[in-house]
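[1] sharing a sequence plus its predicted fold:
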Amino acid sequence: MSKEVQVSAPRTRNRWGEGERLRGEILDAASRLLSELDGEDGLTIRGVARAADIAPASIYQHFTDRAALVAGLADHEFARLHAGMKAAEERVDSGDPVGRVRAMLHASCRFAMDNPGHYRLMTANGPPRTAPGARPAGPLASVIDLLVAGFARCTAAGIALRVPTERAAVIAFVGAHGRVALFQNSARYTDADSVMAFVDEFVSLVFA
């Protein structure tokens, strides 16, 4: 639990659009600061305020405490990952659905390898718990939904899968995630290209 003392200060109403812009600036500053730290334990309200060049009280207008800020940062990073995967997919010709799936997985691996602290923060707690039979929701589910849609386009193009599309998406994402974890945790794994080659080989096992 954070030992920081919440600063009480008069709060004025933001003009239209200013509040959301400031929230984005706070998250951008927290993301930059995390890049300079060993882990999210070093993130503090005051540190983020300094990075954003604002008063700590301004952060409390958008995040009730440090835990809320960290949770907001995780969502912010998932949104960056989602956008990066979507952009990578769109750079591949629509007539190559398998290539588009691979491009999204490559983008997710690059994001994780380029932003190790952010990625650990995003995946530290795993997927949220859901009721039996309920479909998972949240930012991680939205990322996997990109892959579900990608595999669905493969089947629509007549490319058979060994498992249903949702299962294929989870298998592919978990396989890529595990390979990145090996890359990050072992000094022997220093070749990023080997990660992409593994992902391509792993994905090929999903197809019939």
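    Sure, I can see it.

[2] for the residue most central in space within the chain, give me its contacts.
    Geometric centre of the chain, nearest residue: Phe78, 2.8 Å, by CA atoms, centre = their mean. Phe78 makes contacts with Met122, Pro139, Leu140, Ser142, Val143, as judged by CB atoms under 8 Å, 6 or more residues apart in numbering. All C-beta atoms are positioned from the backbone trio N, CA, C, and that covers glycine.

[3] which strands and helices sit next to the strand or helix carrying Leu140?
    For Leu140, the host element (DSSP states H and E) is helix 139-156. Applying 3 or more CB pairs under 8 Å, 6 or more residues apart in numbering; DSSP states H and E, we find helix 139-156 packed against helix 66-90, helix 97-114, helix 116-123, helix 165-185.

[4] 7 Å - rerun?
    Counting contacts by 3 or more CB pairs under 7 Å, 6 or more residues apart in numbering; DSSP states H and E, helix 139-156 packs against helix 66-90, helix 97-114, helix 165-185.

[5] closest to Val148 out of those helices?
    Of all the helices and strands packed on helix 139-156, it is helix 165-185 that lies closest to Val148, at 4.3 Å by CB to CB.

[6] how close does the spatially closest residue to Ala157 that is not a sequence neighbour sit to Asp145?
    Once flanking residues are discounted, Ala157 sits nearest to Pro97: 5.1 Å by CB to CB, 6 or more residues apart in numbering. Pro97 sits 16 Å away from Asp145, going by CB to CB, to the nearest Å.

[7] looking at the two, which is more packed in?
    Pro97 (22 against 16; other CB atoms under 10 Å).

[8] hmm, Leu161 and that one touching each other?
    No. Pro97 lies out of contact with Leu161 (CB atoms under 7 Å); the separation is 11.3 Å.

[9] so what touches the helix holding Leu140?
    By CB atoms under 7 Å, 6 or more residues apart in numbering, the residues outside helix 139-156 that reach it are 75, 78-79, 81-82, 85-86, 89, 97-98, 100-101, 104, 127, 161, 165-166, 168-170, 172-173.

[10] that helix to helix 116-123, inter-axis angle?
    Orientation of helix 139-156 against helix 116-123 (axes from the mean of the first three to the mean of the last three CA atoms, to 10 degrees) gives an angle of 90 degrees.

[11] what angle do helix 139-156 and helix 165-185 make?
    Going by the same axes, to 10 degrees, helix 139-156 makes 120 degrees with helix 165-185.

[12] tell me the buried residues in helix 139-156?
    139-140, 143-154 (16 or more other CB atoms under 10 Å).

[13] out of these, the closest to Glu20 would be?
    Pro139 (17.8 Å).

[14] got the domain ranges for this protein?
    Here the domain parsing of the chain from automatic domain parsing is 18-63, 73-204.

[15] distance from the chain centre to the shortest one, please.
    Put plainly, it is domain 18-63. Put simply, domain 18-63 sits 18 Å off its chain's centre (CA atoms, centre = their mean, to the nearest Å).

[16] can you check the last one too?
    Here domain 73-204 is found 10 Å from its chain centre; the criterion is CA atoms, centre = their mean.

[17] okay, how far is it across it, tip to tip?
    One end of domain 73-204 to the other measures 34 Å (CA to CA, to the nearest Å).
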